[in-house]
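[1] here's a sequence, model it:
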Amino acid sequence: MRYFLIWLLWAVPAMANPMLIDDFSDASAARWQYLSDRVMGGVSDGRATIGTENDAQFAQLRGTVSTANNGGFIQIRRALPAALPTGSTGLVLRVRGNGAAYYVHLRSNDASRPWQYHQARFETTPQWQEVTLTWDAFAPNGGIPEGFAPQDIRSLGVVAYGADYEAHIDVDWIEVLVP
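    Alright, predicted model coming up:
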């Protein structure tokens with residue numbers, strides 16, 4: 001057994017250490033903002049709440065996403081209170097949903113307009129799952145350059161986006177991966 005543990009320590013590379021961005025406790029509703037395409041004339045409609053299950057709190061995003069009238073999103077977003085670590089490698093989210101695709105939108109110092117962000121897509125299932133999104137999974141949108149420095153990210157959004165569908169996603173926690 002001792003030799004197995006020594007081998008395990010030698011054979012398994014160092015894993016990234018997570019740094020909590022939010023676990024939706026301690027007045028998290030004040031840190032997150034609900035937004036929809038209605039700010040630009042769209043017709044999507046929804047709501048964001050904090051749910052509780054087995055003494056754990058999580059964000060809930062529900063609503064109807066509509067691409068009518070040049071729309072197509074509902075989201076929860078928060079400003080980051082501090083810069084993410086320079087050497088960080090991505091995000092991990094614990095989520096569940098209705099089987100639809102959702103996105104994480106990151107706004108960095110390169111984004112000067114509301115439609116400028118980097119986005120990464122992920123799928124949901126009805127069971128809680130951890131989703132890892134490395135920085136290279138994020139594509140630019142709205143005319144900003146490819147790539148970004150983690151320390152330049154200033155806000156993070158979880159978004160139902162780009163198609164006509166019913167959004168139903170829960171987010172238990174979000175962490176940034178730090179080597």
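[2] strand partners (parallel or antiparallel) of the helix or strand harbouring residue 105?
    Element membership of residue 105 [criterion: DSSP states H and E] is strand 101-108. Partner strands for strand 101-108, per DSSP bridges, with pairing direction: strand 117-123 (antiparallel), strand 153-161 (antiparallel).
[3] nearest to residue 48, out of those?
    Residue 48 sits nearest to strand 153-161 of all the strands paired with strand 101-108, at 9.2 Å, using C-beta to C-beta. The C-beta positions use only the backbone N, C-alpha and C, and glycine is treated the same way.
[4] sec struct for residue 92, please.
    Of the three states, residue 92 takes strand under DSSP: H, G, I helix; E, B strand; the rest coil.
[5] what's the first helix or strand after the lowest-mean-pLDDT helix or strand in the chain?
    Taking mean pLDDT, DSSP states H and E as the measure, helix 2-11 is the helix or strand of the chain with the lowest mean score, a mean of 34. Later in the chain than helix 2-11, the nearest helix or strand by DSSP H and E is strand 17-22.
[6] need the contact list for residue 136.
    Residue 136 makes contact with no residue, according to C-beta atoms under 8 Å, 6 or more residues apart in numbering.
[7] give me the distance between it and residue 106.
    Distance from residue 136 to residue 106, counting by C-beta to C-beta, to the nearest Å: 13 Å.
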